[in-house]
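sequence isn't available, so here's the structure alone:
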């Protein structure tokens, strides 16, 4: 080997310094690649959502439990679907009652996704598509329900049954979309402004008619009660008077019996006549006039003449 060849085979200091830098760069590149692969394969599912994992556009699986999971990096992709209760506000619309009266309806719907697979197949997992379907179905159900009721029923019967009827008419329809309607509530269900006055006046007139009927029925019942009470009072008074007459008659009979027993001899009878005559004279001398004029044939005068 020549001296020139020997010198070319020995590595120079500059060549020795390039190897550690290259190795460090390769290590950093490898770490970055691993981090990229890890971040692209890690899937974190939140409590308020579903995570859909797709491969070449086809659904591989759906994660519905919160927490981390994994997918194939770069090959599989993810899509989230809301899992929470959502609210959709329908536009204000005109509806017609069964008696051909116009009303203004303003309502809202609360809904949520129950079957992510059906939601993806039928509505492409798009909330706007779901709200469009909800708007169409609920509005048709609202019109159908309102058209079967009279305006007066709707105005005076707002106790929740209307919302239940609207929900019942459209509840089964949403199963095919993988969503569920939890409630349909009416914010406003009223008449057009130009019809309110006439309807309210008619309702007031009808209420006054009903009130007059109640008043008439009450007065009739009150009069009937008074008549029954007066009749019972008259019966009680008649019975009391009859009983009093019987008692007085019994008292008079007892009194006469006592007198008969007390004056059962001529002497006692004469004395009794004398006492009665004195009582009669006493009563006739009452007042300011103290003069008593008697005829000789008077029984009272006979008492005084009998002493001669």
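Cool, got the structure. Model, not experiment: these values are computed from the prediction.

C-alpha from now on. contacts and neighbour counts both.
Fine.

mind giving me the domain split of the chain?
Following automatic domain parsing, one finds the domains of the chain at 15-82, 86-191, 194-262, 264-305.

scan the protein for its longest helix.
Using DSSP state H, we find that the single longest helix of the chain is helix 193-262.

in which helix or strand does residue 50 reside?
For residue 50, the element it lies in under DSSP states H and E is strand 49-55.

strands paired with that strand, and their directions?
Looking at strand 49-55 with DSSP bridges, its partner strands are strand 58-63 (antiparallel), strand 76-82 (antiparallel).

quick one: residue 111 is in a helix?
No: under the criterion used here (DSSP: H, G, I helix; E, B strand; the rest coil), residue 111 is strand, not part of a helix.

neighbours around it, how many?
Residue 111 is flanked by 19 other residues according to other CA atoms under 10 Å.

who's it bridged to?
Note on residue 111: beta-bridge partners by DSSP bridges are residue 86, residue 181.

got any ranges where the stretch 151-300 of the chain has weak pLDDT?
When residues are selected by pLDDT under 70, those of the stretch 151-300 of the chain lie in 157-159, 194-196, 198-199, 262-270, 274, 285-290, 292, 294, 298-300.

going along the chain, name the strands of the stretch 51-200 of the chain.
If DSSP state E, counting those that start in this stretch is used as the criterion, the strands of the stretch 51-200 of the chain fall at 58-63, 67-70, 76-82, 86-89, 93-96, 102-113, 179-190.

average model confidence for the third one?
Strand 76-82 shows a mean pLDDT of 91.

for it, which positions count as buried?
By neighbour count on 16 or more other CA atoms under 10 Å, the buried set for strand 76-82 is 76-77, 80-82.

so can I have JSON lines of those showing distance to residue 175?
Shown next, in JSON lines, are the buried residues of strand 76-82 (distance: CA to CA, whole Å):
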{"residue": "76", "distance to residue 175": "29"}
{"residue": "77", "distance to residue 175": "27"}
{"residue": "80", "distance to residue 175": "20"}
{"residue": "81", "distance to residue 175": "17"}
{"residue": "82", "distance to residue 175": "17"}
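
between those residues, which is nearest residue 47?
Proximity of these to residue 47 was ranked by CA to CA; the top entry is residue 82 with 9.7 Å.

skipping its backbone neighbours, what lies nearest the closest one in space?
residue 49 (4.5 Å; CA to CA, 6 or more residues apart in numbering).

what's the answer for residue 78, then?
For residue 78, the nearest residue in space outside its immediate sequence neighbours is residue 53; the separation is 4.6 Å by CA to CA, 6+ apart.

contact partners for the one you found?
Residue 53 sits next to 59-63, 71, 76-79 when contact means CA atoms under 8 Å, 6 or more residues apart in numbering.

what's the most distant pair in those?
Greatest spatial distance among the contacts of residue 53 (CA to CA): 63 and 76, at 13.8 Å.

okay, the angle between the longest helix of the chain and strand 179-190?
Counting by axes from the mean of the first three to the mean of the last three CA atoms, to 10 degrees, helix 193-262 points 80 degrees away from the direction of strand 179-190.

show me what helix 193-262 is packed up against.
In terms of contacts (3 or more CA pairs under 8 Å, 6 or more residues apart in numbering; DSSP states H and E), helix 193-262 is packed against no helix or strand at all.

what angle do strand 102-113 and it make with each other?
Per the same axes, to 10 degrees, the angle that helix 193-262 makes with strand 102-113 is 100 degrees.

mind listing what the nearest residue to residue 55 once chain neighbours are set aside touches?
Leaving aside its sequence neighbours, residue 55 sits nearest to residue 76 (CA to CA, 6+ apart; 4.5 Å). Contacts of residue 76 were listed using CA under 8 Å, 6+ apart, and they are 53-56.

which of the residues you listed tops the neighbour count?
Counting by other CA under 10 Å, residue 53 has the largest number of neighbours within the contacts of residue 76, with 21 neighbours.

so what's that residue bridging to?
Using DSSP bridges, the bridge partners assigned to residue 53 are residue 61, residue 78.

if we can go back for a sec, shouldn't the residue nearest to residue 82 be in contact with residue 67?
No: counting by CA atoms under 8 Å, residue 49 sits too far from residue 67 to count as a contact (11.0 Å).

out of these two, which sits in the busier spot?
Taking neighbours as other CA under 10 Å, residue 49 and residue 67 compare with residue 49 leading, 18 against 11.

perfect, I'm done here.
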